[in-house]
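K.L.:
Predicted model, plus sequence, below.
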Amino acid sequence: AQIRVGGDAGASEVVVLRLYGELAKEGASCVMPLLLPDTPVVAWWPFDAPISPSKDPIGQLAQRRITDAAAEKNPIKALESRKAHYAPGDTDLAWTRLTLWRAMLAASLDLPPYDKILEAEVTGEADSPSTDLLAAWLTDRLKVPAKRFKATSGEGIVQVRLGRASGDVDLHRPDGKVGTLSQPGQPSRRVALQRRAVRDCLAEELRRLDPDEVYAAALKSLSKVARGRAAKPAEEAPSEAAESANGKAASGAKKSKAKAGS
């Protein structure tokens with residue numbers, strides 16, 4: 001056991017308990033005497049979380065229960081488990097990592113033209129739970145079919161495309177740091193989309209103790225997300241037929257120009 005105060009704990013006191021053997025199964029009994037009465041309690045599992053956090057002995061002591069599907073051995077399977085055993089007060093850092101993406105996409109729709117979104121596509125790593133949650137959130141909020149594609153390169157979420165009749169809204173982040181937002185009638189803009197550290201996500205979650213209803217709705221919409229194959233490259237090489245047609249067009253243009261000159 002450790003007791004951390006002052007510079008080691010910031011403006012607080014921290015007790016660190018490491019349990020071994022049979023005692024590891026009695027974590028709640030060890031923690032309960034240390035809790036202050038009438039004080040909010042938040043439980044955080046940085047790695048493997050229980051199947052049902054709200055029914056876990058430590059989870060039952062907490063108003064908020066924070067897990068991280070991305071830290072599990074099988075992130076996508078862990079996310080499905082979060083959906084099956086969700087209870088008010090549950091949240092996951094895979095959802096918190098979407099805050100910047102959700103804010104940027106919402107802000108882009110505040111700009112003209114105000115056309116209805118017809119479809120949505122989200123591209124990311126195959127084992128990125130945040131990519132699945134973002135597609136589910138778009139499905140729930142926009143009431144449109146969303147597709148989830150596997151990225152051929154990049155980390156985490158790579159690209160989001162919102163289809164509209166007047167032109168697509170495209171948010172692309174190939175390097176995990178800076179994204180490019182493109183939409184009709186607006187110049188392309190570079191936006192900060194740095195992959196968020198765990199400490200930043202944890203600090204955001206600790207600012208609220210009420211149930212996250214938007215996260216719950218996104219979990220319910222996971223089953224509505226359609227999965228596609230690997231995303232197509234941004235630029236495809238022209239086919240032989242297209243090259244032949246371009247060649248003929250160029251040749252015709254040269255002949256026409258020569259005739260005009262004569």
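P.N.:
Here it is on my side, so go on.

K.L.:
How much space separates K224 from S12?
P.N.:
Distance, K224 to S12, using C-beta to C-beta, to the nearest Å: 42 Å. For the C-beta atoms, the positions are set from N, CA and C on the backbone; glycine is no exception.

K.L.:
out of those two, which sits in the busier spot?
P.N.:
Higher neighbour count among K224 and S12: K224, with 12 against 8, using other C-beta atoms under 10 Å.

K.L.:
Quick one: the strands in the stretch 51-200 of the chain, in order.
P.N.:
Under the criterion DSSP state E, counting those that start in this stretch, strands of the stretch 51-200 of the chain are mapped to 64-67, 90-92, 117-124, 146-150, 157-164, 169-172, 178-183, 186-192.

K.L.:
a markdown table for those, including distance to L202, mean neighbour count and mean pLDDT?
P.N.:
Putting the strands of the stretch 51-200 of the chain into a markdown table (distance: least, C-beta to C-beta, whole Å; neighbours: other C-beta atoms under 10 Å; pLDDT from 0 to 100) gives the following:
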| stretch | distance to L202 | mean neighbour count | mean pLDDT |
| --- | --- | --- | --- |
| strand 64-67 | 7 | 24 | 97 |
| strand 90-92 | 11 | 25 | 98 |
| strand 117-124 | 22 | 22 | 96 |
| strand 146-150 | 26 | 21 | 96 |
| strand 157-164 | 20 | 22 | 97 |
| strand 169-172 | 25 | 20 | 97 |
| strand 178-183 | 23 | 18 | 95 |
| strand 186-192 | 20 | 11 | 93 |
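
K.L.:
Distance to V214 added to these, as a markdown table?
P.N.:
Conversion of these to a markdown table gives the following (distance: least, C-beta to C-beta, whole Å):
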| stretch | distance to V214 |
| --- | --- |
| strand 64-67 | 15 |
| strand 90-92 | 10 |
| strand 117-124 | 16 |
| strand 146-150 | 16 |
| strand 157-164 | 17 |
| strand 169-172 | 19 |
| strand 178-183 | 22 |
| strand 186-192 | 22 |
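
K.L.:
That concludes my questions; thank you for your assistance.
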